[in-house]
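J.: I need the structure of the sequence given here:
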Amino acid sequence: MSSNLNAAPYPIIRQPAPRLRRWLLAGLAGLVLLGAGHALLWAWLAGRMETELAGWVAERRAQGWQVQHGTPQRGGWPWAVRLTMPAVQLAEPGGLGWQGETLALSLALPLPRHLALAASGSQALVAGPARLPFRATSLTGSVPLAGHPVRLQAEAVRAEVVGGPLLLRRAALVLPQEGAFDLALEGLAPPGLPPAALALGPEVQFMGIQGMLTAPLPTGATPAMQAAAWRNAGGRLDLRALDLTWGPVQAGAQGELALDAALQPTGRLTLTLAGLREGLAALSAAGVIEPGNARTLLALGSMLQRTPPEGGPPSLRLPLVLRDRTLAVAGFTLMKLAPVVWPAQ
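T.: As a prediction, this is how the structure comes out:
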């Protein structure tokens, strides 16, 4: 039996070369410096956010806004700077505002480009003394640090209104530029719908509104004073598109709306209506209109329907005029509208 007494009992552990050792130490020092720099950036940005928030609140209060919130709490390390505020209340001088249990403001690191908003808990929309409480599984927003667009999104909204809960599956609001807006609602189910509306279905599948305000909304002591100032400044709503899908009916509108001397809506619209046959069939089956009247309306509508040049189902195009709270279609009075009552405070 041979023996190898000269063999090493353990593997030889070689020490790293001096150059490699220097590179490892330099890399470790770089990581430490990078981490320290990131920590300094996070702390500086958190302080800057608190300063900007305090300045914004002071500026709004000087303009007559009601702004209240609890002490901001820092968070979000290491990839974001977040300020979370409890008991937030925000209302402009006319009384329109929002209240929330918690609101978080966040900036993503290392290169923040927009301010992210996230509200949670119980919330409410306010208009003077009126208050509309609601909850949402998600209510978020994005405000660019420079320019537009501003975006707000909500998921699974439940609001308590007279007659029962109002449900909304999804909502999105985009403000692409000053005065412009694009609102989209999906799965809107209001309570207490009249039989004519229920015949089309318990839920509005989609409602979209795109518009432009020709004058900024001014501040004022009351909503009525704000509305009058806006009207006197030449305020007008250019309705670029209003789209509605409800059951078998699809409707769209374009036109202009303003306020008259009595602060009531006035204007002209062009209405496009598709799904006439299916809509009349649903109303007839629900007993809203007599079958004979449904056939008469369908015969009249069929003569006026046109197929769009780009294709699609036949549709009606009807001119609408709103004046003195009276809505007229093609020169015929359709209905008298209830007056808009502006809150006293």
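J.: okay, CA-based contacts and neighbour counts for the rest of this
T.: Will do.
J.: burial count for residue 214?
T.: Residues within reach of residue 214, counting by other C-alpha atoms under 10 Å, total 16.
J.: I'd say it and residue 231 touch.
T.: No: counting by C-alpha atoms under 8 Å, residue 214 stays clear of residue 231, with 10.2 Å between them.
J.: How many residues are close by residue 166?
T.: Count around residue 166 with other C-alpha under 10 Å applied: 17.
J.: what helix or strand is it on?
T.: Using DSSP states H and E, residue 166 maps to strand 164-175.
J.: Where do the helices of the stretch 151-300 of the chain begin and end?
T.: 195-198, 223-232, 276-285, 291-304 (DSSP state H, counting those that start in this stretch).
J.: angle of the last one against helix 276-285?
T.: Angle, helix 291-304 to helix 276-285, by axes from the mean of the first three to the mean of the last three C-alpha atoms, to 10 degrees: 170 degrees.
J.: mind checking the SS state of residue 51?
T.: Secondary structure, DSSP: H, G, I helix; E, B strand; the rest coil: residue 51 is helix.
J.: Quickly note the distance from it to residue 58.
T.: 11 Å (C-alpha to C-alpha, to the nearest Å).
J.: okay, and for the chain, where does confidence drop off?
T.: 1-17, 19-38, 220-221, 344-345 (pLDDT under 70).
J.: Tell me which stretches of the stretch 51-200 of the chain form strands.
T.: Counting by DSSP state E, counting those that start in this stretch, residue ranges of the strands within the stretch 51-200 of the chain are 66-68, 73-75, 80-91, 96-108, 114-127, 130-144, 150-161, 164-175, 180-189.
J.: Would you reformat those as a markdown table and include distance to residue 315?
T.: As requested, the strands of the stretch 51-200 of the chain are exported to a markdown table (distance: least, C-alpha to C-alpha, whole Å):
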| stretch | distance to residue 315 |
| --- | --- |
| strand 66-68 | 48 |
| strand 73-75 | 55 |
| strand 80-91 | 43 |
| strand 96-108 | 39 |
| strand 114-127 | 37 |
| strand 130-144 | 37 |
| strand 150-161 | 32 |
| strand 164-175 | 27 |
| strand 180-189 | 22 |
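J.: closest to residue 18 out of those?
T.: Smallest distance to residue 18 across the strands of the stretch 51-200 of the chain (C-alpha to C-alpha): 39.1 Å, for strand 80-91.
J.: What are the buried residues along that closest one?
T.: 80, 81, 82, 83, 84, 85, 86, 88, 89, 90, 91 (16 or more other C-alpha atoms under 10 Å).
J.: How about stretch 140-159?
T.: So, applying 16+ other C-alpha under 10 Å, buried residues of stretch 140-159: 140-143, 150-159.
J.: now residue 122: how far from residue 294?
T.: 46 Å.
J.: Neighbour count for those two, which is higher?
T.: Taking other C-alpha under 10 Å, residue 122 and residue 294 do not tie; residue 294 has more neighbours (19 against 14).
J.: Setting aside sequence neighbours, what's the nearest residue to the more buried one?
T.: Spatial nearest neighbour of residue 294, excluding adjacent residues (C-alpha to C-alpha, 6 or more residues apart in numbering): residue 280 at 5.8 Å.
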